[in-house]
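> This is a predicted model, with the sequence first.
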Amino acid sequence: MYFLKRFLLIVLLQVVIFSFIFTLFIFNFNQRREVNKTQSKALATVIAEQATKYFEISKNNFSSKEFFSYLDKQIGVDKLTNAFNLNPPELLTIYFRSDIEKGYVNAGTDDNLKKDDNSSLNKSTKYFFNNKYVAIKPFFLKNSDSPFGVVRIETSNIPILVDVLSSNGIFYLFLFLILNNQAFLFYLWIRKKKDVVLDKGYLKESSLGSIKIMHKLLGDVIEDHNSQDSSESKAPKNNILNIDKKK
C-alpha cells in the first residue's frame, strides 16, 4: 500500500507537469496560427489589388491562369509568399462573381462575396482541431459597387504544428527535466523538515534501546565512582605522622 501511494503520487505529478507543458505548447501554437491568419489576409489583399489592376485592363478576359502568369511576371507568387513568411498555400486562386452566382464554383462566400465562416468548404477538422485557414478578399473594378471576384487562399495549420514542435521541442524537454528536478528537491526539503516521530515502528524501538543503553552506562559510571570513594576511605593510615607521639 505504501508503494502504491508513492506510485500514484508520482503519476499525478507527471500528469500535472505534462499538462503545464501542453498548455504552453497550445499557447505557442495559437500565437503562430494567429500570425498565419494575419499574414494570409495581408497576402490576399495584395493579390486583390493586383487583380484589380489586371482586370481593369482585361475586363473581358475571365482567366485566372493568365492573371497568375501576369502576377508571376510582375512580382512572383513565390516571392510574395516568402515575403509574408507563409508556408506554400494549399490553394491560391481567384473566382469571378459571375461564376459564383451561376453556381459554377463554390468559393465559400456568402451573398455579399464575403467569407462564410459556416461553410464546410472553409473548415477541415483533423487531429481534433480545424487544420485549415481560409482567407478571402473581394476585389473591385473602378466605378463598381459590387465585387468583380474574390481571391481565395487556403493554408494548412499542420506545418505550423510541426514547426512549433521542432522549434521548441528541446525547450519543452529541458522544462520537463527541470520541473521534475525541482519537485524532487522540494520533496527532500519537506522530508528534512519533518520531526522524528517516536511512536511509529522501528524509530520507537531504536530510541528506547538507545535510552536503555545510555542509562546502563551512566549507572556503571556512578557505581564505579562510589566504589572508588569507599576503597579510599578504608585504606590504612600508616603513612600518617602523629606529632604527639614524637614528643
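Looks like it came in fine.
> so what secondary structure elements neighbour the longest helix seen in the chain?
Ranked by number of residues, the top helix in the chain under DSSP state H is helix 2-57. Helix 2-57 makes packing contacts with helix 64-74, helix 77-83, strand 91-96, strand 132-139, strand 149-156, helix 158-193 when contacts are defined by 3 or more Cβ pairs under 8 Å, 6 or more residues apart in numbering; DSSP states H and E. For the C-beta atoms, the positions are set from N, CA and C on the backbone; glycine is no exception.
> That helix to helix 158-193, inter-axis angle?
Between helix 2-57 and helix 158-193, the angle comes out at 150 degrees (axes from the mean of the first three to the mean of the last three Cα atoms, to 10 degrees).
> How far off centre is helix 2-57?
Taking Cα atoms, centre = their mean, to the nearest Å, one finds the center of helix 2-57 at 11 Å from the center of the full chain.
> quick check: angle from that helix to helix 64-74?
Here helix 2-57 runs at an angle of 90 degrees relative to helix 64-74 (the same axes, to 10 degrees).
> one step back: in TSV, list the helices and strands packed on helix 2-57 along with mean neighbour count and mean pLDDT.
Converted to TSV, these look like this (neighbours: other Cβ atoms under 10 Å; pLDDT from 0 to 100):
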stretch	mean neighbour count	mean pLDDT
helix 64-74	14	85
helix 77-83	14	83
strand 91-96	19	90
strand 132-139	22	90
strand 149-156	23	91
helix 158-193	12	85
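> Would you mind giving these as CSV with distance to Val35 added?
Output for the helices and strands packed on helix 2-57, formatted as CSV (distance: least, Cβ to Cβ, whole Å):
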stretch, distance to Val35
helix 64-74, 24
helix 77-83, 14
strand 91-96, 19
strand 132-139, 11
strand 149-156, 11
helix 158-193, 9
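> out of those, nearest to Thr23?
Between Thr23 and these, the shortest separation by Cβ to Cβ is 11.4 Å, and it involves helix 158-193.
> Show me what the closest one packs onto, helices and strands only.
Against helix 158-193 (3+ Cβ pairs under 8 Å, 6+ apart) you get helix 2-57.
> The helix it packs on vs strand 149-156, what angle?
Counting by the same axes, to 10 degrees, helix 2-57 lies at 160 degrees to strand 149-156.
> same question for helix 2-57, mean pLDDT?
Per-residue pLDDT values over helix 2-57 give a mean of 89.
> Using the record's domain definitions, break this structure down for me.
Following automatic domain parsing, the chain resolves into domains at 2-167, 195-225.
> Tyr187: which of those is closest?
domain 2-167 (9.4 Å).
> picking up where we left off before, export the domains of the chain to TSV and tack on distance to Asn180?
Output for these, formatted as TSV (distance: least, Cβ to Cβ, whole Å):
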stretch	distance to Asn180
domain 2-167	7
domain 195-225	27
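> And the ones you listed: which comes nearest Leu175?
domain 2-167 (6.0 Å).
> Report how far apart the opening and closing residues of that closest one are.
One end of domain 2-167 to the other measures 41 Å (Cα to Cα, to the nearest Å).
> before we move on, what about stretch 115-134?
Taking Cα to Cα, stretch 115-134 runs 8 Å from one end to the other.
> ok now it, how far from the chain's centre?
What separates the centre of stretch 115-134 from the centre of its chain is 24 Å, taken as Cα atoms, centre = their mean.
> picking up where we left off before, could you say which of the domains of the chain is packed most deeply?
Mean neighbours per residue, mean count of other Cβ atoms under 10 Å, is largest over the domains of the chain for domain 2-167, with a mean of 15.
> ok so, going back, mind checking which of the helices and strands packed on helix 2-57 is nearest Ser58?
helix 64-74 (7.7 Å).
> returning to that earlier point: could you check the angle the longest helix of the chain makes with strand 132-139?
Helix 2-57 and strand 132-139 are oriented at 20 degrees to each other (the same axes, to 10 degrees).
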